[in-house]
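# what's the 3D shape of this:
(chains A and B)
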Amino acid sequence: MTFQALPGFRDFAPEDLAFRNHILAAWRRVARRYGFEEYDGPPLEPLELYTAKSGEEIVGQLFDFTDKGGRHVTLRPEMTPTFARMVSARANGLRKPIRWFSVPQLFRYEKQQRGRLREHFQLNCDLVGEAGPLADAEVIALAIDVCRELGLTAADFRVRLSDRRVIQALLVGAGLDPAHHPAALGVVDKLERLDPEARDRAFAGAGLMDYIDAVVDMAVVRSWDQLEDLAERYRVDVSATELRQVHDALGEMGLYEFVEVDLSIVRGLAYYTGTVFELFDRQGKMRAICGGGRYDTLLQSLGGVDLPSVGFGMGDVVLGELLKDRGLRPAAAAGTEVMVAAVTAEDLPATLGLAHELRDAGLAAEYAMNGVALGKQLRQADARGARLAVVIGPDDRATGMVQVKDLHEKTQVAVARDAVVAHCTATLGTS
RNA sequence: GUGCUUGUAGCUCAAUCGGUUAGAGCGCCGGAUUGUGGUUCCGGAGGUUGCGGGUUCGAUCCCCGUCAGGCACCCCA
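Have a look, this model is predicted:
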């Protein structure tokens, strides 16, 4: 009988967990750098938390079941409802703007594909209580800096920046009734993946055949000039003030090269009210690394407090694939700092004593348990990444000395037994 | 959930038209080396060819089913 992990779920062997921790540590470093505080909620939530706003349809995408108390529960598919609940309950007492982040493991019952599993870790950053465009720029800058922190450059990824207020103004200018905007946004969201024929079918399916040109014209806007031309053609006032301010603010931060205005970005979720953005790899062969935007009415509808908000989510799967693709997967950290080696079986008790003293001093120490030849033990020391090896033989014990080898510098010195721990601590501390 | 496609050692791959005991590199283990490491040399372990069934004298190879991965759809955290 053999077993394997469920489809879409991952085992994390030490090498894999080291990589995951590498990503999550970068998330936390950068979020704290921006003054964000970490929170968490339950991984299991009442099903109603998600069906209340999204409807029963999403149950098909959830890991839900009935618990022994008869409650209908589900593994959390997203963090926003939990976040809304927690912030709403405390909003009156929290100084604004509220900067909170979380690194939850989220679950979704969907057929897995590359970059999309049934479980992933996601950095969630939300800034609540500030309606101005600098809040939008702040969270976008955070997302960019996470990627930079991990070694990615402007040659590797970009932010595609848009604003639903601008999109909707253009659609109104083209004569499209606001009631049809959600359908139009739904088509725009997948526009770049469709060939002309499929595109026409999508528009027909949405009942928007008469607006194909208008919607496509809007979606191809990549510059201020194009935007102004379009606004002029529709004789509509599209100042795009907020979008320009977000863009300018990121430029002031020195992040201009990472950001491109792109009105084809609309985001699938209905609750975005202003700025929307996504991070993509430059080659455009992967799914989005990160997505987010402004949602000024969501907290009101979910938690009852009326506060403007902006935030994003960034998963570990696509990001990890991009890092691996760019050779940015770090070498595994050394597990052992000092290998204590015994020359003969009679020396083994002495190695046990020294290894434990080293461990008490906070160093990662190991010794060979199976009495293999000294050369073998030193080879093990290399394999384990140890910087130092301490050799103890009968001669050393007779003289009260040990031999300390620096495996990187290829040097060896005799050190008094009583001074070994201090010697190792000093050597490792200065490297 | 639907369609297409792939599945050989821990990893990357090979195996003639369906034909003898399924091979190689890397990795792993051991030895050369009984007080000194990464190189080198020698040796070894490791396979129900994803799993189950069918066709055939004979199946890694052809057919069916199933499981898993990939791609597309659906959906988008």
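# Give the burial count for A:Phe12, as a bare number.
11 (other Cβ atoms under 10 Å). Every residue, glycine included, has its C-beta placed from N, CA and C.
# next one: A:Pro42
A:Pro42, neighbours per other Cβ under 10 Å, totals 11.
# which SS state does it fall under?
coil (DSSP: H, G, I helix; E, B strand; the rest coil).
# OK, contacts around it?
Contacts for A:Pro42 (Cβ atoms under 8 Å, 6 or more residues apart in numbering) come out as A:76, A:82.
# A:His423: which element?
A:His423 is part of helix A:420-429, with elements assigned from DSSP states H and E.
# mind checking how far that helix is from the chain centre?
Centroid separation for helix A:420-429 versus its chain: 37 Å, with Cα atoms, centre = their mean, to the nearest Å.
# Contact residues of the stretch 51-200 of chain A facing RNA strand B?
Within reach of RNA strand B by Cβ under 7 Å from any atom of the strand, the stretch 51-200 of chain A has these residues: A:61, A:77-79, A:106-108, A:110-118, A:120, A:122, A:186, A:189-190, A:193.
# Let's see that with 6 Å instead.
Listed as neighbours of RNA strand B in the stretch 51-200 of chain A under the rule Cβ under 6 Å from any atom of the strand: A:61, A:77-78, A:106, A:108, A:110-114, A:116, A:120, A:122, A:193.
# Name the residues of the helix holding A:His423 that are buried.
A:420-421, A:423-425, A:427-428 (16 or more other Cβ atoms under 10 Å).
# Which two among these are spaced furthest apart?
Distance extremes for these: the farthest pair is A:Val420 and A:Leu428 at 12.3 Å, using Cβ to Cβ.
# Quick check: neighbours shared by the two?
Joint contacts of A:Val420 and A:Leu428 (Cβ under 8 Å, 6+ apart) do not exist.
# interface residues of the stretch 201-350 of chain A facing RNA strand B?
Near RNA strand B, when you scan the stretch 201-350 of chain A using Cβ under 6 Å from any atom of the strand, you find A:268-269, A:313, A:343-344.
# Just among the residues you listed, which is most surrounded?
Most crowded among these, counting by other Cβ under 10 Å, is A:Gly313 at 21 neighbours.
# Can you check what pLDDT the model gives A:Ala334?
A:Ala334 carries a pLDDT value of 68.
# ok, and what's touching the helix or strand of chain A with the lowest mean pLDDT?
Every helix and strand of chain A was ranked by mean pLDDT, DSSP states H and E. The lowest is helix A:196-205, at a mean of 80. Residues outside helix A:196-205 that contact it (Cβ under 8 Å, 6+ apart) are A:187, A:190-191, A:194, A:209, A:211-212, A:215-216.
# For ChimeraX, write the select line for the buried members of the residues of the stretch 51-200 of chain A next to RNA strand B.
In ChimeraX, this line selects whichever of these come out buried by 16+ other Cβ under 10 Å:
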select /A:77,78,106,108,120,122
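# Take the residues of the stretch 51-200 of chain A next to RNA strand B and lay them out in JSON lines including distance to A:Asp177.
Putting these into JSON lines (distance: Cβ to Cβ, whole Å) gives the following:
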{"residue": "A:Gln61", "distance to A:Asp177": "30"}
{"residue": "A:Pro77", "distance to A:Asp177": "32"}
{"residue": "A:Glu78", "distance to A:Asp177": "31"}
{"residue": "A:Leu106", "distance to A:Asp177": "36"}
{"residue": "A:Arg108", "distance to A:Asp177": "34"}
{"residue": "A:Glu110", "distance to A:Asp177": "33"}
{"residue": "A:Lys111", "distance to A:Asp177": "36"}
{"residue": "A:Gln112", "distance to A:Asp177": "39"}
{"residue": "A:Gln113", "distance to A:Asp177": "36"}
{"residue": "A:Arg114", "distance to A:Asp177": "39"}
{"residue": "A:Arg116", "distance to A:Asp177": "34"}
{"residue": "A:His120", "distance to A:Asp177": "38"}
{"residue": "A:Gln122", "distance to A:Asp177": "36"}
{"residue": "A:Arg193", "distance to A:Asp177": "26"}
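# All set now, cheers.
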